[in-house]
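Participant: Take this sequence and fold it.
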Amino acid sequence: MTGPSNVRYRPHPHIGGRAAALRELAAWYGGGPQAPKVLLVTGDPGSGRSRLVSGFLMLCDPVFRAGADLSALDPATVPPAGLPGPRVFAAAGVGSAQLLSRVADELAPGARLTAEVYERFAALEEESPVAVVVTDLDRVGMVRARDETGRATRSVLSPLAQSPGVRLLAELPRAQAQWLAEELPPEQVRVVDLDEAPWADGPGLALQAAHTLGGGLPFAPPGPRLDRLAGELARTAGNPLVVRLAAGSVRSTPGAGPPQWPATVGEALDLHARRSGADELTLHRLLTPLALARDGAALPQELWARLASAVAGRDLSQALVDGHTLLGPFVEPVEGAGAVRLVHPAVGAELRDRLGTSAREAHRRITRSLLDTVTEGADGPGPERWARALPYVHEQLTGHALEAGLLPGLLADPGFLLHGPQELLRAAAEHLDRTGADLPPLARTWLRLVPLLTRSGAGPAQRAGLLEHACRQDGLPVPDFGPGLPWHTLWWHPLPEVTALTAAYGPDGSPAVVVALPAAEGHTYLGFDAVTGAPVADAEGLARPGEEQRAAARFVIGPEVGQVRIWGRTGDAPVAVFLSQSPLTAADITPDGILLLADPHGLGALRVTAGADPGRA
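Facilitator: Purely as a prediction, here's the structure:
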């Protein structure tokens, strides 16, 4: 590429061309008087938005700069040295609220309410601006909720763009870029549309086409003819992704004759199927499981034929075996994972558009097929089968079931709730709740509990114990959570205002609990059988364990705010940790291992099973 003068500079080592756009990004970063406060990078899917921004961020990185020969690059494309690095936030795979929370953690630490976050943004000082970069806004959202990109633009980008102390660079779709630009003073914002002059890079596309085609065309030797073909491809495609797909098609089918050049991703799919001598529908069906997967996930090879066959309604195993040439331009292997993914999200978007209303049925068939992998040849209770399910099933089943309309039924399965990815399940369940879906009672109890589960990072066994206790609190039948529960809830009473409790035992040695409630004068004491929860008439007559009984107890506890750690008599680590959504007001444990807990809502008793002798539990 050449700069403004006649000096010839090397292209950017990662993105090749795009010199005009890089100059704009470097000027924004430098913050000169002519530079915009807000720079919005947009273009059609596959136009290279993400690649441009990632290449720019490489030039901002001190480590990359130290190892690169920056003197060979156009100086106007290189961000100034000595400036604080931009704060970078990736929107891909997170919801709007989560993206706002991540930005707030850096720019408004300590703010809890959304209104407070916005107030902090507005108070950032213009004299010491912060450079903020938000990438991949077209891929925002943990589930494919309608208008999630627009929601993120309104709730995250707009407040940042209007903050006097933020210089914003965002990579986002054209519709959202146009909306945000209209919300801001014209002198503060600039839109870099990579499909429009002066940002479209025709010479760069031609170089990409020549580089990709070179060596792959037996009928086009190096020289003028290759340059002519590359120029034709670049002019017709007008998009780096389409150039890549078309060149890959020609390289993989050298004997299919002179090519027809596609102008869109859809045309690239159709023309390649014909060059490969294959049915276009077969190509679509083989790629559909990857297109419908969440966030461009890698599909294990062992599941590919199964899911594609489910979509097609017939066995596509042999078509997949024979489909190396047919599939080659559109998929790439994931190194070391035995899996493949689409080469670009725009390929998936094109295939989803073509499915139209039949996408729901395709999701339903994939959901059923993934569920079959959980139950086939499985023994033991449901939760144990889910524990052994393939990671891909856990990662993708929620999204497929949501799109298929089958998720409410799955949310009644405790194994699915316990072993699925909690943040994704939460996003999907909350989406269903917002749309008025009828959630199962177990799902509503889990949804009440899930903020605690995600915040604490609890594993499946602890999740099971906490959900089992929450079911008792909500008056639900306790489902089969499988073996390995850290405790079993014996009973729970809605008894607010407990200020203290202590383990006790009756005349026959049976475990009990005495609780203190505030009264007009002093306290009122109530007693309960620790095993059944039945009231004990004479609370004052219940004995307290002595020091010797405490010393010989099977467990000891360490109460803290919101949690109780339970230790066995041997070992350096707790055998279980009980977490509470509300601050615990009191806790104790009987000598034989019944954990007694009180919070502002009630009183409960849990038989500790973790670390216990199975014969005594």
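Participant: how about the helices in the stretch 401-550 of the chain?
Facilitator: Secondary structure of the stretch 401-550 of the chain (DSSP state H, counting those that start in this stretch): helices at 407-410, 414-419, 422-434, 441-456, 460-473, 547-551.
Participant: Tabulate the ones you listed in JSON lines, adding columns for distance to T524 and mean neighbour count.
Facilitator: Bear in mind the C-beta positions are built from the backbone N, C-alpha and C, glycine included. Output for the helices of the stretch 401-550 of the chain, formatted as JSON lines (distance: least, C-beta to C-beta, whole Å; neighbours: other C-beta atoms under 10 Å):
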{"stretch": "helix 407-410", "distance to T524": "45", "mean neighbour count": "19"}
{"stretch": "helix 414-419", "distance to T524": "38", "mean neighbour count": "25"}
{"stretch": "helix 422-434", "distance to T524": "40", "mean neighbour count": "20"}
{"stretch": "helix 441-456", "distance to T524": "30", "mean neighbour count": "18"}
{"stretch": "helix 460-473", "distance to T524": "23", "mean neighbour count": "22"}
{"stretch": "helix 547-551", "distance to T524": "26", "mean neighbour count": "11"}
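Participant: which one of these has the lowest average pLDDT?
Facilitator: The minimum mean pLDDT among the helices of the stretch 401-550 of the chain belongs to helix 547-551 (a mean of 85).
Participant: right, and the helix or strand after that one?
Facilitator: Using DSSP states H and E, the helix or strand that follows helix 547-551 towards the C-terminus is strand 555-560.
Participant: Between the helices of the stretch 401-550 of the chain, which one is closest to L597.
Facilitator: helix 460-473 (8.8 Å; C-beta to C-beta).
Participant: Dump the helices of the stretch 401-550 of the chain to TSV, plus distance to F89.
Facilitator: Listed next are the helices of the stretch 401-550 of the chain as TSV, based on distance: least, C-beta to C-beta, whole Å:
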stretch	distance to F89
helix 407-410	29
helix 414-419	30
helix 422-434	17
helix 441-456	20
helix 460-473	29
helix 547-551	52
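Participant: Show me the one of the ones you listed that comes nearest T135.
Facilitator: Between those, helix 422-434 lies closest to T135; by C-beta to C-beta that is 19.8 Å.
Participant: and that closest one, what does it pack onto?
Facilitator: Counting contacts by 3 or more C-beta pairs under 8 Å, 6 or more residues apart in numbering; DSSP states H and E, helix 422-434 is packed against helix 391-404, helix 407-410, helix 441-456.
Participant: what is the orientation angle of it with helix 441-456?
Facilitator: 140 degrees (axes from the mean of the first three to the mean of the last three C-alpha atoms, to 10 degrees).
Participant: how about the strand or helix carrying W304: buried residues?
Facilitator: Here W304 sits within helix 301-312, counting by DSSP H and E. Neighbour-count burial for helix 301-312, counted by 16 or more other C-beta atoms under 10 Å, picks out L303, W304, A305, R306, L307, A308, S309, A310, V311, A312.
Participant: Now for the residues you listed: which two are most distant?
Facilitator: Across these (C-beta to C-beta), the longest gap, 14.5 Å, separates L303 and A312.
Participant: picking up where we left off before, average model confidence for the very next helix or strand once past the helix holding W304?
Facilitator: Next along the chain after helix 301-312, taking DSSP H and E as the criterion, comes helix 317-321. Regarding helix 317-321, the rounded mean pLDDT is 96.
Participant: Packing partners of helix 317-321?
Facilitator: helix 280-292, helix 301-312.
Participant: Same list, these, but as CSV with distance to G506 please.
Facilitator: Putting these into CSV (distance: least, C-beta to C-beta, whole Å) gives the following:
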stretch, distance to G506
helix 280-292, 61
helix 301-312, 58
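Participant: and of those helices, who's closest to S158?
Facilitator: Among the helices and strands packed on helix 317-321, helix 280-292 sits nearest to S158 (C-beta to C-beta), with 31.1 Å.
Participant: which residues sit against the closest one?
Facilitator: Helix 280-292 is touched from outside by 269-270, 272-274, 276, 299, 303-304, 307-308, 311-312, 316, 319-320, 323, 326-327, 330-331, 340-342, 347-349, 351-352, 354-355, 359, 362-363, 366, 400, 403, with contacts defined as C-beta atoms under 8 Å, 6 or more residues apart in numbering.
Participant: what's the average pLDDT for that helix?
Facilitator: 97.
Participant: same thing with stretch 165-173?
Facilitator: The model assigns stretch 165-173 a mean pLDDT of 97.
Participant: how about it as PDB, C-alpha atoms only?
Facilitator: In PDB, the C-alpha atoms belonging to stretch 165-173 read as follows (Å, rounded to 0.1, in the frame of the first residue of the first chain):
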ATOM      1  CA  GLY A 165     -14.600  11.500  29.500                       C
ATOM      2  CA  VAL A 166     -14.800   8.600  27.100                       C
ATOM      3  CA  ARG A 167     -13.400   8.400  23.600                       C
ATOM      4  CA  LEU A 168     -15.200   5.500  22.000                       C
ATOM      5  CA  LEU A 169     -14.300   3.100  19.200                       C
ATOM      6  CA  ALA A 170     -17.000   0.500  18.500                       C
ATOM      7  CA  GLU A 171     -17.300  -2.200  15.900                       C
ATOM      8  CA  LEU A 172     -21.000  -2.800  15.100                       C
ATOM      9  CA  PRO A 173     -23.600  -3.500  12.300                       C
END
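Participant: So for the most centrally placed residue in the chain, what's the nearest residue that isn't a sequence neighbour?
Facilitator: For the chain, the residue nearest the mean C-alpha position is G93 (4.0 Å; C-alpha atoms, centre = their mean). Computed as C-beta to C-beta, 6 or more residues apart in numbering, the closest residue to G93 that is not its neighbour in sequence is D295, at 4.8 Å.
Participant: In this structure the one you found contacts R139, no?
Facilitator: Yes. At 6.6 Å, D295 and R139 qualify as touching, with contact defined as C-beta atoms under 8 Å.
Participant: More neighbours: the two, which one.
Facilitator: D295 (20 against 17; other C-beta atoms under 10 Å).
Participant: quick revisit: narrow the contacts of helix 280-292 to those that are buried.
Facilitator: 269-270, 272-273, 276, 299, 303-304, 307-308, 311-312, 316, 319-320, 323, 326-327, 330-331, 340-342, 347-349, 351-352, 355, 359, 362-363, 366, 400, 403.
Participant: Now, the contacts of helix 280-292 that are in strands?
Facilitator: L299, V331, V340, R341, L342 (DSSP state E).
Participant: quick one, what contacts the nearest residue to F56 once chain neighbours are set aside?
Facilitator: Among residues not flanking F56 along the chain, L25 sits closest, at 4.5 Å (C-beta to C-beta, 6+ apart). Each residue near L25 by C-beta under 8 Å, 6+ apart is listed here: L39, V41, L52, V53, F56, P79, L169, V192.
Participant: how close does the fourth one sit to C60?
Facilitator: Read it as V53. Separation of V53 from C60 (C-beta to C-beta, to the nearest Å): 10 Å.
Participant: same deal with the last one?
Facilitator: Using C-beta to C-beta, one gets 17 Å for the distance from V192 to C60.
Participant: quick one on the thing from earlier: what sits up against the helix holding W304?
Facilitator: By C-beta under 8 Å, 6+ apart, helix 301-312 touches 285-286, 288-289, 299, 315-317, 319-320, 338-340, 362, 365-366, 368-370, 373, 390, 392.
Participant: how far off helix 391-404 does it point, in degrees?
Facilitator: 20 degrees.
Participant: Would you mind getting the angle between helix 301-312 and helix 280-292?
Facilitator: 120 degrees.
Participant: re earlier: list the buried residues of the helix or strand hosting the residue nearest to F56.
Facilitator: In this structure, L25 sits in helix 19-30 according to DSSP H and E. In terms of neighbour count (16+ other C-beta under 10 Å), helix 19-30 has its buried residues at A19, A20, A21, L22, R23, E24, L25, A26, A27, W28, Y29.
Participant: Thanks a lot, catch you later.
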